[in-house]
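Peer 1: I'll drop the sequence and a predicted model, then ask my questions.
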Amino acid sequence: MKVRRPGFDFSTIRPHWAPVTEFAQFYNAFSTVPAHIEPYLVKVMMRVKEALGDKNPRLREDIEIFNKQEVQHCKQHLAFNNRLYESGYAGMQEIEAPYKADYERFLASKSLRFNVAYCEGFEAMGSASSQVFFEELDEYLEGADESAVDLWKWHLAEEFEHREVCFQAYSTLYGKGPFAYLYRVWVFAYAAKHIGTHTMRVANYLMSVDREGMSEEERAASQERQKTALNKIRQGSRKRLLKVFSPFYNPGKMKPSPGMVPLLEKYS
Ligand SMILES: [Fe+2]
Ligand SMILES: [Fe+2]
C-alpha cells in the first residue's frame, strides 16, 4: 500500500465521457459519494487510531496510508464534480447537501462501533465495485474519455488495495464473535441502502436534465439504456457482495483483478 498523487486534468472533460451517456451519468452520480464519505472515513479512522492506543502498530500504519489515499481520492473527485456543476448540473449540489449532513450527524451522534461498521460496509462495496469496473464493463469503457476512466481505475484499484483496513479495524476493536458479525452485516445493509439511495437520486437528476427537450422516442430509448447499464453494474456488484454476508468473509483473501496491479504501477 502506498500513497499516489496522479495529476489528472479534468479541464476538458465532458459529463458525457462514455459513448453510452446514461452509463457515464451513473458514474458521475457515484462520484458524489467519495466527495462526502471519504472525509468521514478519515475522521472515523482517526478515532480508531486513538482507540487502538499503542496496540497494533501495523494496523495504525495501514490506517495512515489508508487515510492519505482517501484524501487524494476525495480531492480528485471534487475537481471532477466541479466540472459537472459547471457543465449544467449545478442542481446536484442540492441533493448532495442532506447526504453530506448525514455523515456529520453520524460522527456527532453514532457510536464508534456503528461508524467503523459503516466504513467497512462502504469499503466492501468499494472493492466489489473495483472488480466490476476492471472485469465487467469493457463494452461501456471502449471509446470513453481516458481521463474519466483513469480517475475511476486509479481510485477503484486503490480501494481494492486497501480493502481490508476497515475490516481489520472492526475485527480488532469488536472481535469476530456472533454479535460482531451480525452487527457488521446489519450496518453493511444500512450503508448499502443509504449510499444506493443517494446515488440513484443524483443519477435520476442528471438524466432528467439530459432528457429535457428529448422526444418521446428518444426518452424511451434513453430509459432503456439506463435500465441495461444499471442492470449490468448491479448484477456484477450483487454477486460479489453476497460474500460480505458470510461469517467467514475476509477481504484480505480476495485476489486483484487482471489490470489492477499494472494500473497502480503506472502511478507509483
Ligand atoms: Fe477512496
Ligand atoms: Fe476506501
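Peer 2: Alright, I've got the coordinates. Ligands and ions are numbered 1, 2, ... in the order given.

Peer 1: and Gly91, how far is that from Arg83?
Peer 2: According to CB to CB, to the nearest Å, Gly91 and Arg83 sit 15 Å apart. Using the backbone N, CA and C atoms, a C-beta is placed for each residue, glycine as well.

Peer 1: for the two, indicate the residue with more neighbours.
Peer 2: Between Gly91 and Arg83, counted using other CB atoms under 10 Å, Arg83 has the larger neighbour count: 19 against 13.

Peer 1: hmm, whichever strand or helix holds the more buried one touching ligand 1?
Peer 2: In the assignment (DSSP states H and E), Arg83 maps to helix 57-84. Yes: interface with ligand 1: helix 57-84 contributes 70, 73 (CB under 5 Å from the ion).

Peer 1: which residues of this structure fall in helices?
Peer 2: Listed in chain order, the helices of the chain (DSSP state H) span 21-30, 32-52, 57-84, 92-109, 112-135, 138-141, 146-161, 165-174, 178-211, 216-241, 260-267.

Peer 1: can you add mean pLDDT and distance to Ser11 and give those back as CSV?
Peer 2: Formatted as CSV, the helices of the chain follow (pLDDT from 0 to 100; distance: least, CB to CB, whole Å):
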stretch, mean pLDDT, distance to Ser11
helix 21-30, 98, 17
helix 32-52, 97, 19
helix 57-84, 96, 8
helix 92-109, 98, 20
helix 112-135, 97, 24
helix 138-141, 97, 21
helix 146-161, 96, 9
helix 165-174, 98, 33
helix 178-211, 98, 20
helix 216-241, 96, 27
helix 260-267, 93, 20
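
Peer 1: compute the inter-axis angle for the helix holding Arg83 and helix 112-135.
Peer 2: Between helix 57-84 and helix 112-135, the angle comes out at 60 degrees (axes from the mean of the first three to the mean of the last three CA atoms, to 10 degrees).
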